[in-house]
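Trainee: Quick one: sequence plus predicted model below, questions after.
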Amino acid sequence: MNKQNWRRRLHRVGWWFSPPRCPLCQRVVAPFARCKECLPEQRKLQMPEGKCSLSVEGVENIFCFWQYKDLIRHGILQMKFQKMPWQAENFVLLILSHKGAYTFIRQFDIIVPVPSRKRKLHGRGYDVPRLLAQAISMAVGIPVAPKGTLVKIKDTPRQVGLDGEQRRKNLQDAFSVENATPLLEKRVLIVDDVVTTGTTAKEVAKALHKAGVDHVGLWVLAQAEP
Ligand SMILES: [Zn+2]
């Protein structure tokens, strides 16, 4: 058994002490199981077949599980801003209970989380896209690109409250692949928490293509209305 499999096994033993919870209502659930309590509410916000209504330049396929509204928005904001980093794994386990999510991820060879701003990381102490990527990796067995593979070279202001054109200018050429070796001849999956206009994903895909990556996909928890 390789190192990755051992890590996954040990990780699963941890669920015995600290079982997965529904990221939306905090009830204990079995790993990869749906929460019966808030399933009807969740279903109302679920995207049919994980299909996002956006198309993003340079990104071949997108998997998006929910609309960014009501209890979904609340759960994601809690994970991001209320010091609840463990929620990333709970979100991933819940979404992977959906067969389509699993099948989608299996098309890729490596995961690249969207890099966060340095200032943001220092304020929060954790990096949400990286935590989501690590949880996917642990569950599905696809590696995450090492830190420093893709970096944010421009420390841009927050995107919230900006319109499409402002977002585009703000993020133009903001990302760069510093080490292309782990990505060579790989199908790369970008992971982020929320997609709004798709500008971030577009710029990340641009940097990946520039480094020679052919196939780029995107996986997000939810799609927000601009
Ligand atoms: Zn629930």
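Mentor: Good, I have the coordinates.
Trainee: Three-state assignment for Ile190, please.
Mentor: Look at Ile190: counting by DSSP: H, G, I helix; E, B strand; the rest coil, its state is strand.
Trainee: Sorry, wrong one. I was asking about Trp219.
Mentor: strand.
Trainee: For beta bridges, what are the partners of it?
Mentor: With DSSP bridges as the criterion, Trp219 is bridged to Phe63, Val191.
Trainee: Helices of this protein, start to end?
Mentor: 3-17, 39-44, 70-81, 87-96, 99-105, 118-124, 128-140, 164-171, 199-210 (DSSP state H).
Trainee: want to throw those helices into CSV with mean neighbour count?
Mentor: Heads up, the C-betas are built off the backbone N, CA and C, glycines and all. Formatted as CSV, the helices of the chain follow (neighbours: other Cβ atoms under 10 Å):
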stretch, mean neighbour count
helix 3-17, 10
helix 39-44, 14
helix 70-81, 18
helix 87-96, 24
helix 99-105, 16
helix 118-124, 12
helix 128-140, 22
helix 164-171, 15
helix 199-210, 22
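Trainee: per-stretch mean pLDDT over the ones you listed, give me the minimum one.
Mentor: When the helices of the chain are compared by mean pLDDT, helix 118-124 comes last with a mean of 62.
Trainee: which parts of this structure sit against the ion?
Mentor: Applying Cβ under 5 Å from the ion, one finds that the chain approaches the ion through Cys22, Leu24, Cys25, Cys35, Glu37, Cys38.
Trainee: between those residues, which is closest to Leu77?
Mentor: For the residues of the chain next to the ion, the residue nearest Leu77 by Cβ to Cβ is Leu24; the value is 11.6 Å.
Trainee: so what's the closest residue to that closest one other than its chain neighbours up against?
Mentor: Of all residues beyond its chain neighbours, the one nearest Leu24 is Gly75 (4.5 Å), with distances taken as Cβ to Cβ, 6 or more residues apart in numbering. Each residue near Gly75 by Cβ atoms under 8 Å, 6 or more residues apart in numbering is listed here: Pro23, Leu24, Gln87, Phe91.
Trainee: From Ile95, how far out is Gly75?
Mentor: 12 Å (Cβ to Cβ, to the nearest Å).
Trainee: ok, back up a step: export the residues of the chain next to the ion to TSV and tack on distance to Val140, neighbour count and pLDDT?
Mentor: Compiled in TSV, the residues of the chain next to the ion are given as follows (distance: Cβ to Cβ, whole Å; neighbours: other Cβ atoms under 10 Å; pLDDT from 0 to 100):
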residue	distance to Val140	neighbour count	pLDDT
Cys22	20	23	92
Leu24	22	24	91
Cys25	25	15	90
Cys35	21	22	88
Glu37	26	14	89
Cys38	24	17	89
